[in-house]
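Peer 1: no sequence for this one, just the structure:
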Ligand SMILES: Nc1c(N[C@@H]2O[C@H](COP(=O)(O)O)[C@@H](O)[C@H]2O)[nH]c(=O)[nH]c1=O
């Protein structure tokens, strides 16, 4: 059985995750970001694409206010061509890098080769099979836009945790979800809103697959 998949995204009002130059830290305020950490703590694994590693050098750990502790999820990077730098914060034990190339050493991360599509990117199916085999039952995708588009297109995004900040970044900003190549509205993936909660200046919108 595949893991339950949640896509978590922090955007401007107009659904952008960064400016045209890629600046993205931070779009949402401290309360929304803390909630993001709580969501990490409730998932077995958190996944990003290598573009996010190169842009943000994320840690993907759970960092909670003083006195609160929670285990870190398995960190997963989709990196078909193994571009994760050995000095990246994710290049350490507790990170699984999925590639379609012959594995090389990247810090202390574990590198596993999986099946690729016609463009040499790990297939969603192969990623989910690999994670299921490791006992991952819940997976949170944290971006970027292309990775989100792959999982949405594959029809496997069961829930969305959307943090929306009251700023505008415009059409030249980086989209939260890249191309879905939709010609017909009838084919748009549809989600049902479960809750909306103010988080400081931001909004936390929760959706599940309709
Ligand atoms: N920019 C942005 C987010 N960005 C997400 O957080 C990641 C950084 O995680 P870490 O290095 O562990 O702090 C980054 O790569 C991206 O996935 N999250 C948010 O709640 N709000 C924000 O405005």
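Peer 2: Happy to help now that I have it. Everything quoted here is computed from the prediction, not taken from an experiment.

Peer 1: in the helix with the most length in the chain, what counts as buried?
Peer 2: Of all the segments assigned as helix in the chain under DSSP state H, the longest by residue count is helix 30-41. Counting neighbours by 16 or more other CB atoms under 10 Å, one finds that the buried residues in helix 30-41 are 32-37, 39-41. C-beta here means a position set from N, CA and C on the backbone, and glycine is covered the same way.

Peer 1: what's the first-to-last distance across stretch 173-193?
Peer 2: With CA to CA, to the nearest Å as the measure, the first residue of stretch 173-193 is 25 Å from its last.

Peer 1: Establish whether it and the ligand are in contact.
Peer 2: No - residues of stretch 173-193 contacting the ligand under CB under 6 Å from any ligand atom: none, with a closest distance of 10.3 Å.

Peer 1: do stretch 45-56 as well
Peer 2: Yes - residues of stretch 45-56 are located near the ligand by CB under 6 Å from any ligand atom, namely 48, 52, 56.

Peer 1: tally of neighbours for residue 148?
Peer 2: 24 (other CB atoms under 10 Å).

Peer 1: check contacts around it.
Peer 2: Residues in contact with residue 148 (CB atoms under 8 Å, 6 or more residues apart in numbering) are 7, 9, 141, 157, 176-178.

Peer 1: which one among the residues you listed gets closest to residue 134?
Peer 2: Looking at the contacts of residue 148 and their distance to residue 134, the nearest is residue 141, at 16.5 Å (CB to CB).

Peer 1: beta partners of the closest one?
Peer 2: Listed by DSSP bridges, the beta-bridge partners for residue 141 are residue 7, residue 47.

Peer 1: filter the buried residues of helix 30-41 by proximity to the ligand?
Peer 2: For the ligand, the contacts drawn from the buried residues of helix 30-41 by CB under 6 Å from any ligand atom are 32-33, 36.

Peer 1: With pLDDT and distance to residue 81 as new columns, can the residues you listed be given to me in CSV?
Peer 2: Listed next are these as CSV, based on pLDDT from 0 to 100; distance: CB to CB, whole Å:
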residue, pLDDT, distance to residue 81
32, 98, 33
33, 98, 30
36, 98, 28
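
Peer 1: Neighbouring strands of whichever strand or helix holds residue 111 in the sheet, and parallel or not?
Peer 2: Under the criterion of DSSP states H and E, residue 111 resides in strand 110-113. Counting by DSSP bridges, the strands paired with strand 110-113 are strand 95-99 (parallel).

Peer 1: okay, which residue is most central for this protein?
Peer 2: Here the mean C-alpha position of the chain is nearest to the C-alpha of residue 142 (CA atoms, centre = their mean), at a distance of 1.7 Å.

Peer 1: can you count the residues close to the residue lying closest to it once chain neighbours are set aside?
Peer 2: The shortest distance from residue 142 to any non-neighbouring residue, by CB to CB, 6 or more residues apart in numbering, is to residue 48 (5.1 Å). If you count neighbours by other CB under 10 Å, residue 48 ends up with 23.

Peer 1: Would you quantify the distance from residue 48 to residue 200?
Peer 2: Taking CB to CB, to the nearest Å as the measure, residue 48 falls 24 Å from residue 200.
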